[in-house]
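Enquirer: Return a 3D structure for these sequence lines:
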Amino acid sequence: MTALAPTHADALDERRFRWTALVVGAATGIGLVLHLVLRDGSLASLLAGALAVFLSKLFIFGGAIDVWPFNAKTIDLGPWELALIAWVIDLLVSCALLAGMASFERLRLAGRAISEARARAAQTLREFPGLRRLAVAGITLLVFLPIPGSGAVTGTLVGRLVGLSRMATFAAVASGAGLAVSAYAGVATFLDENWRELIKSPTLVIASTLGLVGFVWFAWLRVRRELTRA
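Expert: Residues are numbered from 1 along each chain as shown. Coordinates of the predicted model:
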């Protein structure tokens, strides 16, 4: 069976994606240089922050709360700086997957990781068939919501599995990741400005926490009901 020739839309999408990936890479390099110049070469702090938010976006709170494991002395970066780093990492990961997925699959270790990630993405599609129907909005929600199996890797793979173009997939992942890290940084900034007052009022802390958990849970139930509809 012969492979289908790429259409004009496919060629245009690939060209747009290449330029987008180039802009993301160039902007990342320029941002790195500016950080090193403006922050007196604090490369160690930048690398520590990048590693922290790569492992978990919860480390964005490290810019506001100086308690274990969020040590602001170790990571000398604010929550919005950490959020920006986390977002850039997600953009780079998505670009790398979209650009070299076929090449990665031929490597022994990377290929196994991609296969496992693809299996998780396929499982996500089985659990949430509405992702195919909602397409871009569904991928954005998947990346935004702090649920198991979400994130830039799964969002990128699901986008390609449901047939989205590279640019549409990248836009959805970028939007979802941007909204997620902005929400983390916003909460971290609020805690930074009100932490002492909140600590003095345990009742307010408990009520605020329960209210936030209740809202997130209600919102997730509504979104889940929509996503599980075929």
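
Enquirer: elements contacting the biggest helix by length in the chain?
Expert: Longest helix in the chain, counting residues (DSSP state H): helix 166-200. Applying 3 or more C-beta pairs under 8 Å, 6 or more residues apart in numbering; DSSP states H and E, one finds that helix 166-200 makes contact with helix 8-38, helix 79-105, helix 136-144, helix 152-161, helix 202-227. For every residue, glycine as well, the C-beta is placed using N, CA and C.

Enquirer: And that helix, what's buried?
Expert: By neighbour count on 16 or more other C-beta atoms under 10 Å, the buried set for helix 166-200 is 166-182, 184-185, 188-189, 192.

Enquirer: Tell me which of the helices and strands packed on helix 166-200 sits most buried.
Expert: Ranked by mean neighbour count under mean count of other C-beta atoms under 10 Å, the helices and strands packed on helix 166-200 are led by helix 152-161, which reaches a mean of 25.

Enquirer: neighbouring contacts of that helix?
Expert: With C-beta atoms under 8 Å, 6 or more residues apart in numbering as the test, helix 152-161 has contacts from 89-91, 93-94, 97-98, 101, 117-118, 120-122, 124-125, 131, 139, 142-143, 166, 168-170, 172-173, 176-177.

Enquirer: per-residue confidence for Tyr110?
Expert: Rather than Tyr, residue 110 is Ala. We have a pLDDT of 66 for Ala110.

Enquirer: now do the one 3 residues further on
Expert: For Ala113, the model assigns a pLDDT of 71.

Enquirer: Hey, what's the angle from the strand or helix carrying it to helix 152-161? Just curious.
Expert: Secondary structure assignment for Ala113, by DSSP states H and E: helix 108-127. Going by axes from the mean of the first three to the mean of the last three C-alpha atoms, to 10 degrees, helix 108-127 is angled at 70 degrees with respect to helix 152-161.
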